[in-house]
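J.: got a predicted structure plus its sequence, pasted below:
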Amino acid sequence: MTRTLTVGITTRNRPESLRTCLASIAVIRDLDPEVLVFDDASASPAADHAAACPLPVRVMRDESAPGPVVGRNRLVEAAEGEFTLLLDDDTRIRSSTSPASTLAAFAIHSDPRLVTVTAV
């Protein structure tokens, strides 16, 4: 199955924020996103907190702590979705409106140069 959306989350040493962020993905459950987490060498591994997400989560961990920019690049490289929504672990998705309308805009305007930044 080809997915339309991948949600990528970077995290380091903020397990409570990560759990809240993952739980908020329930708001966009109907978009059936792939969920990836990049764990930047957290003391409490992100995999221990993945159960907070209402969808399956794939965690990528790097013990060398390369930082969030490297993490985002790895998330995009690993994404199986056609589009990637990158979040920090302190993000809360409050509505499916922005992600859904952004995906709809990409579907209507199939221009490969189209890029967007969306507030969730």
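T.: Yep, it's here.

J.: in terms of helices and strands, where is the closest residue to Ala43 other than its chain neighbours?
T.: Spatial nearest neighbour of Ala43, excluding adjacent residues (C-beta to C-beta, 6 or more residues apart in numbering): Asn13 at 5.7 Å. C-betas here are computed from N, CA, C, even on glycine. Secondary structure assignment for Asn13, by DSSP states H and E: no helix or strand.

J.: all strands of the chain, in order?
T.: 5-11, 34-39, 57-61, 83-88 (DSSP state E).

J.: how many neighbours does the residue nearest to Ala43 have?
T.: Neighbourhood size, Asn13 [other C-beta atoms under 10 Å]: 15.

J.: need the contact list for it.
T.: Contact partners of Asn13, counting by C-beta atoms under 8 Å, 6 or more residues apart in numbering, are Ser42, Ala43, Ser44.

J.: what segments of this structure are helices?
T.: 15-24, 68-78, 97-108 (DSSP state H).

J.: and the first one, how far from the chain's centre?
T.: To tie it back to what came earlier, the one meant is helix 15-24. 12 Å (C-alpha atoms, centre = their mean, to the nearest Å).

J.: that older thread, indicate which one of the helices of the chain is closest to Asp32.
T.: Across the helices of the chain, Asp32 has its closest neighbour in helix 97-108 (11.2 Å, C-beta to C-beta).

J.: packing partners of the closest one?
T.: strand 83-88 (3 or more C-beta pairs under 8 Å, 6 or more residues apart in numbering; DSSP states H and E).

J.: who does the strand it packs on pair up with?
T.: strand 5-11 (parallel) (DSSP bridges).

J.: ok so, going back, can you list the helices of the chain in a markdown table and add distance to Asp88?
T.: Formatted as a markdown table, these follow (distance: least, C-beta to C-beta, whole Å):
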| stretch | distance to Asp88 |
| --- | --- |
| helix 15-24 | 8 |
| helix 68-78 | 7 |
| helix 97-108 | 16 |
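
J.: deepest of the ones you listed, which one?
T.: Highest mean neighbour count of the helices of the chain: helix 15-24, a mean of 19 (counted as mean count of other C-beta atoms under 10 Å).
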